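# whatever this is, show me its structure:
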Amino acid sequence: MLSKKELEEIVAAWPDENGVSSNSEVIERWEAMQRQYFSEKVHFALGMDRIEALSKRQVGFLNRALGRLASRKSVLDVTHDEILGQYELVTEHLSPFGFEAVVENYNSRQKMN
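As a prediction, the model looks like this:
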């Protein structure tokens with residue numbers, strides 16, 4: 001939770017209509033806090049077992065999907081169900097685990113040749 005002073009600093013430093021901030025350090029610190037909060041929210045929603053089971057390709061898809069989700073609304077408003085929905089979209093439709101196994105098998109055979 002932000003203190004009153006921290007909140008006042010963020011409001012004072014908020015970028016103007018041209019995207020210029022009076023104190024970019026404060027804004028960068030706030031953005032880093034938001035990214036950390038979202039990362040923790042994703043880890044809580046999915047759990048380490050699901051995250052560790054992802055292939056590199058699935059991680060890339062999921063990161064892009066979650067990035068789009070976070071850009072559409074405040075990370076505070078993103079629900080665990082929305083995060084899980086993005087995970088399911090990636091692992092069941094874009095790049096299912098069965099497909100990932102085939103790609104991995106193919107790539108390992110290519111390395112042998």
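
# what's the helix or strand for residue 69?
Here residue 69 sits within helix 56-72, counting by DSSP states H and E.

# how about that helix: buried residues?
For helix 56-72, burial by neighbour count (16 or more other C-beta atoms under 10 Å) applies to 58, 61, 62, 65, 66, 69, 70. Backbone N, C-alpha and C define where each C-beta goes, glycine included.

# now do the longest helix along the chain, average pLDDT.
Counting residues, the longest helix in the chain under DSSP state H turns out to be helix 24-53. Mean pLDDT, helix 24-53: 94.

# name the SS class of residue 76, please.
coil (DSSP: H, G, I helix; E, B strand; the rest coil).

# show me what contacts it?
Residues in contact with residue 76 (C-beta atoms under 8 Å, 6 or more residues apart in numbering) are residue 37.

# same question, residue 10
With C-beta under 8 Å, 6+ apart, residue 10 has these contacts: 2, 26, 27, 30.

# which of these count as buried?
26, 27, 30.

# centre-most residue in this protein?
residue 66 (4.4 Å; C-alpha atoms, centre = their mean).

# excluding its backbone neighbours, what's nearest that one?
Among residues not flanking residue 66 along the chain, residue 86 sits closest, at 5.7 Å (C-beta to C-beta, 6 or more residues apart in numbering).

# how about the contacts made by the one you found?
Counted by C-beta under 8 Å, 6+ apart, residue 86 has contacts 62, 65, 66, 69.

# ok, the residue nearest to the first one when sequence neighbours are not counted - contacts?
Nearest in space to residue 62, with sequence neighbours left out and distances taken as C-beta to C-beta, 6+ apart, is residue 90 at 4.8 Å. With C-beta under 8 Å, 6+ apart as the criterion, the residues that contact residue 90 are 58, 61, 62, 65.

# any idea how far residue 48 is from residue 87?
Separation of residue 48 from residue 87 (C-beta to C-beta, to the nearest Å): 13 Å.

# again but with residue 46, I slipped
Distance from residue 46 to residue 87, by C-beta to C-beta: 6 Å.

# got the buried residues for the next helix or strand after the helix holding residue 69?
Next helix or strand after helix 56-72 toward the C-terminus (DSSP H and E): helix 80-88. Within helix 80-88, the residues that qualify as buried are 82, 83, 86, 87, counting by 16+ other C-beta under 10 Å.
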